[in-house]
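**Student:** Take a look and give me a structure for this.
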Amino acid sequence: MSTVLSVDNLSAGYGRALAVRDVSFEVEEGEVVALLGRNGAGKTSTLLTLSGILKARGGTVSVGGRVVTPGRPYAATKAGIAHVPEERALFSGLTVRENLIIAGARGKSELAQVYELFPELERLIDRRAGLLSGGEQQMLALARALRQRPKVLMVDEMSLGLAPMICARLVSILRGLADTTGIAVVLVEQHLELALEAADRGYVLRHGSVVMSGTRDDLLLRRAELESSYLGGAVEQRSA
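**Tutor:** Numbering: from 1, shown residues only. Coordinates of the predicted model:
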């Protein structure tokens, strides 16, 4: 597999405070990588920096071997990075159809692919986004990002406020997309077990720095360390 996203010694912050400190990781083609940690660990700030919303103070971000200009969302999008933020960033007054059209690629074939993944959206095509349920809004946010045909899909706190059944389905969709299309997925998730269910590898952040990393199985073997030192919550062990 080839490396799609390379993050090398990335630093960023707000005012004088650093929120991301020399963070390095890679995501290969068809791989799902989870960024883990408590609130304030630097996970969301890392995604904001990768997407150009928060300007990097140091380090580099490369997609497919090409360095992405820091602090420019358009440059990140052009490089192939799509970002689904925690708040989903939908146009609440526009319909599902209009939100999808605005997203980028046009054509019935692309919409058909979206409907295959999220059949609910086809039935709700003329409903305003603001009237959708939380799960339906998350599906629309993911669908909009996928319409950009990204090389890297970054999803922030996908499970927030959603029923476990919906979360499990969306995680399964992301895993399937990585496996079948080769898209590189970066998943930020406080729900450790949910994240590692989909992820190939994980990186644990604390105070903006990577303090632990490994494969899913590696991290689960170190679950006591995760619980006591970084995440502060119980980690349920599941069979592979």
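
**Student:** quick check: domain ranges of the protein?
**Tutor:** 1-80+151-187+198-240, 89-149 (automatic domain parsing).

**Student:** Would you tell me what helix or strand residue 219 is located in?
**Tutor:** Using DSSP states H and E, residue 219 sits within helix 216-221.

**Student:** Output that helix as CSV, nothing but the C-alphas.
**Tutor:** Extracted C-alpha coordinates of helix 216-221, given in CSV (Å, rounded to 0.1, in the frame of the first residue of the first chain):
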residue,chain,number,x,y,z
ARG,A,216,-5.9,-1.9,17.1
ASP,A,217,-4.8,-5.0,18.8
ASP,A,218,-1.7,-3.4,20.2
LEU,A,219,-3.8,-0.6,21.8
LEU,A,220,-6.4,-3.1,23.2
LEU,A,221,-3.6,-5.0,24.8
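
**Student:** tell me the mean pLDDT over it?
**Tutor:** Confidence for helix 216-221, expressed as mean pLDDT, is 90.

**Student:** Pull out the buried positions in it.
**Tutor:** Neighbour-count burial for helix 216-221, counted by 16 or more other C-beta atoms under 10 Å, picks out 216, 219-220. (Each C-beta comes from the backbone N, C-alpha and C, glycine too.)

**Student:** For the helix of greatest length in the chain, the averaged confidence score.
**Tutor:** Scanning the chain for the longest helix, with DSSP state H as the assignment, gives helix 164-181. Mean pLDDT, computed over helix 164-181, is 93.

**Student:** So which bits of it are buried?
**Tutor:** Buried-residue list, helix 164-181, by 16+ other C-beta under 10 Å: 166-167, 170-171, 173-175, 177-178.

**Student:** of these, closest to residue 26?
**Tutor:** Of all these, residue 26 sits closest to residue 178, with 14.5 Å by C-beta to C-beta.

**Student:** Tabulate the buried residues of helix 216-221 in JSON lines, adding columns for distance to residue 151.
**Tutor:** Formatted as JSON lines, the buried residues of helix 216-221 follow (distance: C-beta to C-beta, whole Å):
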{"residue": "216", "distance to residue 151": "23"}
{"residue": "219", "distance to residue 151": "25"}
{"residue": "220", "distance to residue 151": "29"}
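
**Student:** Out of those residues, which is nearest to residue 13?
**Tutor:** Closest approach between the buried residues of helix 216-221 and residue 13, by C-beta to C-beta: residue 219, at 26.8 Å.

**Student:** Just to check, the closest one is in contact with residue 200?
**Tutor:** No. Under the criterion of C-beta atoms under 8 Å, residue 219 makes no contact with residue 200, lying 11.0 Å away.

**Student:** Which neighbours do the two have in common?
**Tutor:** Shared contacts of residue 219 and residue 200, defined by C-beta atoms under 8 Å, 6 or more residues apart in numbering, are absent.

**Student:** middle-most residue in the chain, spatially?
**Tutor:** Of all residues in the chain, the one closest to the mean position by C-alpha atoms, centre = their mean is residue 155, 2.1 Å from it.

**Student:** From residue 66, how far off is that residue?
**Tutor:** Going from residue 155 to residue 66 by C-beta to C-beta, to the nearest Å gives 23 Å.

**Student:** which stretches of this structure form strands?
**Tutor:** 3-14, 17-28, 32-36, 56-63, 66-67, 81-84, 152-156, 184-188, 201-206, 209-215 (DSSP state E).
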